[in-house]
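A.B. asks: what's the 3D shape of this:
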Amino acid sequence: MSMRVYSGQLPLDALRTLLGQVWPGQTTFALVEKVDDLQVLGAQKDAMPDPANWPQGRAFGPNVEVRWEWRGAEYHVMLADATGSAPSDGLTQATEDWIGGVQPTHYYLWHKADMRMGRFLDTERLGISGRAMLDVAEYTDAAGVLRFHRYMGIRAEQLEEGDDEPI
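C.D. replies: Below is the predicted model of the structure:
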């Protein structure tokens with residue numbers, strides 16, 4: 001899998017344009033946050049996230065991820081593209097020589113009833129019941145050291161018959 005990573009500083013309008021080119025076509029979910037809120041959005045149910053309302057976030061799908069973070073006058077933006085077809089206007093391509101391999105993995109997201117995080121993450125409204133899992137591609141260098149990761153999707157945990165529902 002060939003992957004390209006781009007980064008740079010973009011003004012709000014340019015970031016909105018980039019997100020508009022990948023949402024919902026190449027991205028299916030977004031995790032967006034601000035000081036007092038965290039939300040998961042789905043491209044089938046939600047409008048494109050507006051960075052003016054969400055100073056930090058990620059819009060992602062199986063092959064593309066756009067990350068942004070407000071830093072002063074502009075947004076620091078990182079685009080990870082496994083297809084070579086995502087728009088990268090205004091961004092600079094990073095070197096590819098650090099990529100040695102890719103390993104798909106997943107991480108469990110906290111259950112919405114678990115308030116230890118102090119925030120409520122509602123994946124049920126997107127049709128994901130039970131425990132949600134975040135699918136991730138981890139990119140390693142030739143020595144096997146993790147160098148980069150990108151989010152690919154969110155799905156419900158698949159319990160085997162006879163398994164108990166996790167707490």
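A.B. asks: for the protein, what spans make up the helices?
C.D. replies: Here the chain has its helices, by DSSP state H, at 12-22.
A.B. asks: Show me it divided up by domain.
C.D. replies: 4-93, 101-156 (automatic domain parsing).
A.B. asks: Of the ones you listed, which stretch is the most buried?
C.D. replies: domain 4-93 (a mean of 18; mean count of other Cβ atoms under 10 Å). (Glycine included, C-beta is placed from N, CA and C.)
A.B. asks: re the thing from before, least reliable of the domains of the chain going by mean pLDDT?
C.D. replies: With a mean of 81, domain 101-156 has the lowest mean pLDDT of those.
A.B. asks: tell me how far the ends of it are from each other?
C.D. replies: End-to-end distance of domain 101-156 (Cα to Cα, to the nearest Å): 26 Å.
A.B. asks: Start and end of stretch 90-103, how far apart?
C.D. replies: End to end - Cα to Cα - stretch 90-103 spans 29 Å.
A.B. asks: cool, stretch 39-53 as well?
C.D. replies: End-to-end span of stretch 39-53 (Cα to Cα): 12 Å.
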